[in-house]
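J.: Give me a model of this one.
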Amino acid sequence: MPPINHYRCDKCGFSFPSGWGGYLYVIDNSGKRIVCPHPIELQTAYQVLGHDVAPEVFKERTGFNSDCVCLDCLKQFELDLGYPEKPMNSMRYFYEHTKERDKRECPYCKSSRVKAVLELIGEPCPKCKVGTIKEIYTGIIS
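T.: Numbers count the residues shown, from 1 in each chain. I've put the predicted structure just below:
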């Protein structure tokens, strides 16, 4: 079971949603992304795709929406960026099965300077530029 963590700047408090950096989703027959809530991610995916779904189809129709921020306008949103550039500290088992589906672009200002929260851990805060984004262990396991 993955830990639930907080993500925030150690100086100004700029923060991101708690959790593990995003969530798993499945694409239904109409192309809509359906959230697969924890801890029943796989159950939800199989309900949408059918229990006899081929492994290749399962891989093609599931993904991971990452919690993201635009480094220019500081708006937060979700994108499927596929496998992250930086290694993860906690268990995110579904990442290795995902590919990038969304363009790395802010839906608000169209900037390409977009980062997932997991890519910002240990990096300078995009808001104050002085602090560092920390992944704070809460002790909660979901």
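J.: thinking residue 18 is in contact with residue 8, fair?
T.: No. When contacts are counted by CB atoms under 8 Å, residue 18 is not listed as touching residue 8 (9.4 Å). Bear in mind the C-beta positions are built from the backbone N, C-alpha and C, glycine included.
J.: between the two, who's got more neighbours?
T.: Remark: of residue 18 and residue 8, residue 8 carries more neighbours, 20 against 15, as counted by other CB atoms under 10 Å.
J.: what's the spacing between the spatially closest residue to the more buried one that is not a sequence neighbour and residue 124?
T.: In space, and not counting its chain neighbours, residue 8 is closest to residue 15: 3.8 Å by CB to CB, 6 or more residues apart in numbering. Residue 15 sits 15 Å away from residue 124, going by CB to CB, to the nearest Å.
J.: Quick one: neighbours of residue 101, just the number.
T.: Residue 101: 15 surrounding residues under other CB under 10 Å.
J.: What residues does it make contact with?
T.: Taking CB atoms under 8 Å, 6 or more residues apart in numbering as the contact definition, residue 101 lies against 63, 80, 82.
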